[in-house]
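# Got a predicted structure plus its sequence, pasted below:
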Amino acid sequence: MISKDEILHVAELANLKFKEDEVDSFVDQLGRIVEMEGNLSSVDTTGVEPTYNMGDTSTVFRADEGIHTQTREQMLENVPEVEDNLIKVPTIVAKEEDE
């Protein structure tokens, strides 16, 4: 069974914030998912060939040609913040204090 502490630990690693009632909901949902996986592992698959690809295995090749439809200046007009002619985005990974 998945514990509330495990949910909170994974949420912290993924930089996710949950309300208290959401955490309880995830404990229940993930517990049911793990239980379903346990049921699947008990199915006898003797003689069943493994599935390596779920899609069509034929590939249609085409020439990989770049098409320039906009200039850099036109593209940068649509972004909220530009610095040194590059798109500036918010930091998503926090640095450790000792770095």
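Cool, the structure landed. Residues are numbered from 1 along each chain as shown.

# and after the longest helix along the chain, which helix or strand comes next?
If you go by DSSP state H, the chain has its longest helix at helix 20-41. With elements assigned by DSSP states H and E, the helix or strand that comes after helix 20-41 is helix 72-76.

# chain center to that next one, what's the gap?
Relative to its chain's centre, helix 72-76 lies at 29 Å (CA atoms, centre = their mean, to the nearest Å).

# try stretch 15-30
17 Å.

# Can you tell me the centre-most residue of the protein?
Nearest residue to the geometric centre of the chain (CA atoms, centre = their mean): residue 14, 9.8 Å.

# Per-residue pLDDT of it, please?
We note a pLDDT of 92 for residue 14 in this prediction.

# go on, residue 30?
88.

# circling back to that earlier point, which parts of the longest helix of the chain are buried?
With burial defined by 16 or more other CB atoms under 10 Å, the residues of helix 20-41 counted as buried are 26, 27, 30. Bear in mind the C-beta positions are built from the backbone N, C-alpha and C, glycine included.

# number of nearby residues for residue 7?
Counted with other CB atoms under 10 Å, residues neighbouring residue 7 total 21.

# Against which helices or strands is the longest helix of the chain packed?
On a contact count with 3 or more CB pairs under 8 Å, 6 or more residues apart in numbering; DSSP states H and E, helix 20-41 meets helix 4-13.
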